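Asks: Next comes the sequence, and after it the predicted model I'd like to discuss.
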Amino acid sequence: MGNKIRSLTGLILAAIAVLIVGCGGAQTAEPEIYSAKQIELINVYATGVLALRERMPELESAIDQDNWVDVQSFIHGPLGELRTRTARLARELLPNDHSQAEDLAKDLYKHLVKIDQAADERNTAIAAGQYIEALKDFDAYLDLLPQPGL
């Protein structure tokens, strides 16, 4: 008789566990949203990053003119802060966007390094191709930023 009670108790406990798990699984997670403080920080950090994006045509012009001194000066000068600024901004993004932004920022930086190397070699084709790829990554990075009203 003791074995029957244990079996019945085990069956009841299993049914309760299934019921609890089944009811608990139906809940959906709240979507993550930015706090007012995060939006404020993002706006502050984004201003510097956007200013550098607006200056990218200067780099294109120097590449088109084979002005390698200006190419390297621009990469090491104004764009020298880009890595720090994009990293700081990425830290304020929601987790899913944060990791993607970090990856895009790394790729952007790699393109700038390749442009710098192409400038050393005076290779317009490679510099121009890497510039296009840098712009794509830069714009994809900026697309991850929250839009006003979010």
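Replies: Cool, got the structure.
Asks: hey, let's count contacts and neighbours off CA atoms from now on
Replies: OK.
Asks: just the helices in this structure please.
Replies: Taking DSSP state H as the test, the helices found in the chain are 2-24, 36-54, 56-64, 68-76, 82-91, 95-121, 124-143.
Asks: Just name the shakiest helix or strand of the chain by mean pLDDT.
Replies: helix 2-24 (a mean of 48; mean pLDDT, DSSP states H and E).
Asks: Could you pull up the residues touching the closest residue in space to residue 107 that isn't next to it in sequence?
Replies: For residue 107, ignoring the flanking residues on the chain, the nearest one in space by CA to CA, 6 or more residues apart in numbering is residue 137 at 6.8 Å. When contacts are counted by CA atoms under 8 Å, 6 or more residues apart in numbering, residue 137 touches 104-105, 107-108.
Asks: repeat for residue 32
Replies: By CA under 8 Å, 6+ apart, residue 32 lies in contact with residue 94.
Asks: Relative to residue 73, how far out is it?
Replies: 41 Å (CA to CA, to the nearest Å).
Asks: buried sites along stretch 140-150?
Replies: 141-142, 144-146 (16 or more other CA atoms under 10 Å).
Asks: need those residues in a markdown table with distance to residue 130 and pLDDT, can you?
Replies: Formatted as a markdown table, the buried residues of stretch 140-150 follow (distance: CA to CA, whole Å; pLDDT from 0 to 100):
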| residue | distance to residue 130 | pLDDT |
| --- | --- | --- |
| 141 | 16 | 97 |
| 142 | 18 | 97 |
| 144 | 21 | 95 |
| 145 | 23 | 95 |
| 146 | 27 | 91 |
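Asks: of the residues you listed, closest to residue 97?
Replies: For those, the closest approach to residue 97 (CA to CA) belongs to residue 144, at 6.2 Å.
Asks: Any figure for the gap between the residue most central in space within the chain and residue 119?
Replies: Nearest residue to the geometric centre of the chain (CA atoms, centre = their mean): residue 101, 0.6 Å. According to CA to CA, residue 101 stands 27 Å off from residue 119.
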